[in-house]
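Colleague: Structure of the sequence below:
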Amino acid sequence: MLLRQELKAAIEAVLFTRAEPIDIEELSRALGVSVQDTREILQELISEYNRSEHGIQVVESDAGYTMCTKPEYFRYVNNTNRSVTRRLSQAALETLAIVAYQQPVTRPEIEAIRGVRVEGVLNMLVDRGLVAEAGRKDVPGRPLLYVTTAEFLRIFGITSLDDLPRKDEEA
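Modeller: Residues are numbered from 1 along each chain as shown. Sure thing, here's the model as predicted:
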C-alpha cells in the first residue's frame, strides 16, 4: 500500500492528466484505497492548492474532481493559449450563454431570444461537447432540449452553474 504522501502525489498525477473530472469511487478504485481516505487526501489537496502561491486548484463538482487554473490567472493562460472561447464566434458565445442560463432550452426558444436561426451554431456546440441534448420537451412537435455539459464547466473554470454571474450583475 502507498504511503499518504505517495497517495497524494498519485492523486495529483491522475487529476493533472485527466481532461475531465473523475468521480471519487473511480479514483479510490484506481488507488486501491477507501473512499474515505481518498476524500481526506483530496480535501488536503484542495486546502493546499487554495493557498495564494498556487496558480492551479483542485475543484470538486457534481461530475467529480478536476485540476484547473484559478480564475484570477485565466488572463495569463488565455494570453498564451488559443482557448476555446477565442475560437468560438460571437454567435456561438451568445447561443452558449442562452443555453447556460435558460437550460433546458429548445432550439426554437434560443432562436426566439437571439432573433436568428441557430441550428448550425447549436450543432457545432454539441460537436465540441459544450452542449448536449437532454431529451424532448413535452409540447407539440416534441423539440429537443439542450443543456450545458461538464466540459462547459471545465472549459470556463466553474464548478457548477451556480458560479455563473447572475443575469442582473454587470460584467
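Colleague: Strands along the chain, start to end?
Modeller: 56-61, 64-69, 105-106, 131-136, 144-148 (DSSP state E).
Colleague: In space, what's closest to the residue nearest the centre of the chain - neighbours in sequence excluded?
Modeller: Central residue of the chain (Cα atoms, centre = their mean): residue 153, 1.8 Å from the mean position. Spatial nearest neighbour of residue 153, excluding adjacent residues (Cβ to Cβ, 6 or more residues apart in numbering): residue 61 at 6.1 Å. C-beta: built from backbone N, CA, C; applies to glycine.
Colleague: Just the pLDDT for the residue nearest to the centre of the chain.
Modeller: On pLDDT, residue 153 comes in at 85.
Colleague: That one: what's it in contact with?
Modeller: 61, 63, 159, 160, 161 (Cβ atoms under 8 Å, 6 or more residues apart in numbering).
Colleague: so where's the longest helix in the chain?
Modeller: helix 35-50 (DSSP state H).
Colleague: buried sites along it?
Modeller: 38, 41, 42, 45, 49 (16 or more other Cβ atoms under 10 Å).
Colleague: now stretch 7-21
Modeller: So for stretch 7-21, counting by 16+ other Cβ under 10 Å, buried means 7, 8, 10, 11, 12, 14, 15, 18, 21.
Colleague: From these, which shows the smallest pLDDT?
Modeller: On the confidence scale, the buried residues of stretch 7-21 reach their minimum at residue 18, with 80.
Colleague: Identify the residue nearest residue 136 in space, chain neighbours excluded?
Modeller: Per Cβ to Cβ, 6+ apart, closest to residue 136 is residue 142, 4.2 Å.
Colleague: Point out where this structure drops to low pLDDT.
Modeller: 1-2, 78-86, 167-171 (pLDDT under 70).
Colleague: domain parsing for it?
Modeller: Following automatic domain parsing, the chain resolves into domains at 4-74, 83-163.
Colleague: gap between the residue nearest to residue 136 and residue 162?
Modeller: 30 Å (Cβ to Cβ, to the nearest Å).
Colleague: go on, residue 71?
Modeller: In this view, residue 71 and residue 162 are 15 Å apart by Cβ to Cβ.
Colleague: One more: residue 101?
Modeller: In terms of Cβ to Cβ, residue 101 sits 12 Å off from residue 162.
Colleague: for residue 62, same thing?
Modeller: 11 Å.
Colleague: What of residue 148?
Modeller: Per Cβ to Cβ, residue 148 is found 13 Å from residue 162.
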